[in-house]
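>>> Predicted model and sequence below, questions to follow.
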Amino acid sequence: MSDQDRNPKDDRLVRAYERMLEDAHEAIEQAQNETAPRLREVLDKTRDNLVELGELSREEAQRVADYIRRDIEDAAGFVAETGQDIRDWWRFDLELMERRLFEAFSQVADQTRLQLAQIAETARRMSLYQAGEITGPGTLVCDKCGAETHFVKAGRIPPCAECGATSFRRNPVGREDQQG
């Protein structure tokens, strides 16, 4: 996506995604023994703060919080299912990512892994990513043609560059054999 194609609203939502994720990370560090309900509380509080500050509408803030929940649940489900490292979920060299984002995501995923194991089934059923939504770093695979779209940081999901389809699934290392 070129600079001229970027929508200021998109950049604002991406910044909100990163801010919510950072706030979630900080809260997790302070309360490492807390459970998944604490994560929901943190995201809800951050969402409400962004709305109160006028940075996002209630609907936008809720969508960003839902995107973070989806990504965390998917990452935790992957780690619980495969026993592989969170780095495999991202599926590319960590040198490409900002270190703080990796640490934030790892902390959140590690701290919530056990609690989210119960949610893993729901996450699998709801693991479709749609064009226009925001996602964190990783690789998405087009449901229609199988083309990969790589994200080195949080960003808005574009339609498939190969076929124009709008539905994707995350396909990290270790899940290739589960396609079908």
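That came through fine. Numbering: from 1, shown residues only.
>>> Quick one: classify residue 65 as helix, strand or coil.
Three-state assignment for residue 65 (DSSP: H, G, I helix; E, B strand; the rest coil): helix.
>>> heads up, I number from 34, so please use that
Fine by me, first position is 34 from now on; the one you just mentioned is residue 98.
>>> separation between it and residue 198?
Residue 98 is 26 Å from residue 198, where distance means C-beta to C-beta, to the nearest Å. In this view, the C-beta of every residue, glycine as well, is placed from N, C-alpha and C.
>>> same deal with residue 43?
Computed as C-beta to C-beta, the residue 43 to residue 198 distance reads 20 Å.
>>> A helix includes residue 173, no?
No: counting by three-state DSSP, residue 173 falls outside a helix, being strand.
>>> in the sheet, who's paired with it?
residue 182, residue 203 (DSSP bridges).
>>> Could I get the contacting residues of it?
162, 181-182, 184, 190, 201-204 (C-beta atoms under 8 Å, 6 or more residues apart in numbering).
>>> give me that answer again for 10 Å
Applying C-beta atoms under 10 Å, 6 or more residues apart in numbering to residue 173 gives the contacts 124, 162, 164, 180-184, 190-191, 193, 200-204.
>>> Check residue 53 too.
75-76, 78-80, 82-83, 89, 94, 97-98, 100-101, 187.
>>> residue contacts, the residue lying closest to residue 161 once chain neighbours are set aside?
Nearest residue to residue 161, sequence neighbours excluded (C-beta to C-beta, 6 or more residues apart in numbering): residue 200, at 5.4 Å. Taking C-beta under 10 Å, 6+ apart, we find residue 200 in contact with 161-164, 173, 175-177, 190, 192-193.
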